[in-house]
Each structure stands twice: as structure tokens, then as C-alpha cells.
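1. Dropping a prediction and its sequence here:
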Amino acid sequence: MKFTVDMIESWGPCDAYTHGLIVSLIGDGKTEKEIAVMDIPIEDRIWALIQGLSSRDQRLFACDCADRPHLLPHQSSEAKEAIRVARLYAVGGATEEELEKARSAADRAADRAADRAAYWAAYRAAYWAADRAAYWAAYWAAERKWQLGALLGYYQEEEKL
């Protein structure tokens, strides 16, 4: 796939990416691999690669990200079910009603867990603030690298079709 200035502008990038900046970055077009290694923040590269996916693959990628066990090690059964149904929905195996039912159940479970999580988050923040800040910065940097690699995998699958 070739990413063009017109494509990127049609997706509505943030105001920092003016027409002139986009033209200077993209030129006559860039492939997904070229986008992945551009000298811009990794979040912006991820954003562009997500925009270039089909809605089906965008949903599957979101499921991949949500299903990373280290992100939510105590993920509720409702959340796991919502991810499962969302994957099915992406490939035509579930209805919008089934998707909404699973999402509502996951939202209710998240609301119940929020009070417990808020207490423990406050406790951990007070106790571990300095040491954990460095840990979380490294953690999210690694997670963004994983996301970038996972996105490139979707483009390679499209090339095989």
C-alpha cells in the first residue's frame, strides 16, 4: 500500500501535522514499512498505519491489543467475552446485537472493578511513584514497538491475498 498526502489529510491528523509538514514527510508516497521507520513519534506512525487498515483489520488489531495478557492480567470474563465477540463480528460471525450485549456486560464489569482499581492505583502511586514512573515509561515504549510490528503483520497478510 502506498500512503499519500491526500490519504493522510483525509484521515484528519492532529493540527501539528500541517499540509506542508505532511508533504515534506510523505513526498510522493510511502509504503507501510517506510511509515513504520519515519522520524516522527511512534504513536503517530501507529496512528497512520491503523488508518490504512480496513475496518475489519482495525477491529481485529484492537482485539489483539486488548487481548495482551500482561496489560490486563486480571481481565474479567466479561471483557474476554467482549473481545471474543468483537473478533467474530469483524469476520461476520456475530451480529451487532451480540456485540452490543457483550460490550455492555464488559462495561458493567469494568464499572464494578473501577472502585477497587482506584483504591489500589492510589495506594501504588503513593508508594511506588518514583520507581514505577521509569518502569511504566519503558513498558509503554516496548508496547508501542509491539503494536508497530503487529500492524505491519496486517499489511503483509493483505499482500498475500
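-> Arrived safely. Numbering: from 1, shown residues only.
2. wait, what's in contact with T31?
-> Residues in contact with T31 (C-beta atoms under 8 Å, 6 or more residues apart in numbering) are 1-3. Every residue, glycine included, has its C-beta placed from N, CA and C.
3. Show me which positions of the helix or strand harbouring F61 end up buried.
-> Take DSSP states H and E as the rule and F61 turns out to sit in helix 55-66. Neighbour counts over helix 55-66 (16 or more other C-beta atoms under 10 Å) mark 57-61, 63-64, 66 as buried.
4. Now the buried members of the contacts of T31.
-> F3.
5. now the strands: where do they sit in this protein?
-> 2-3, 30-31 (DSSP state E).
6. Out of the ones you listed, which gets nearest to A86?
-> strand 2-3 (26.2 Å; C-beta to C-beta).
7. List the neighbouring strands of the closest one plus their orientation.
-> Strand 2-3 has these partner strands in its sheet, going by DSSP bridges: strand 30-31 (antiparallel).
8. Quick check: mean pLDDT of the partner strand?
-> Taken as a whole, strand 30-31 carries a mean pLDDT of 98.
9. Stretch 62-81 now?
-> Stretch 62-81 comes out with an average pLDDT of 76.
10. okay but W11 is in contact with Q51, surely?
-> Yes. Shown here, W11 and Q51 form a contact pair, counting by C-beta atoms under 8 Å, at 4.4 Å.
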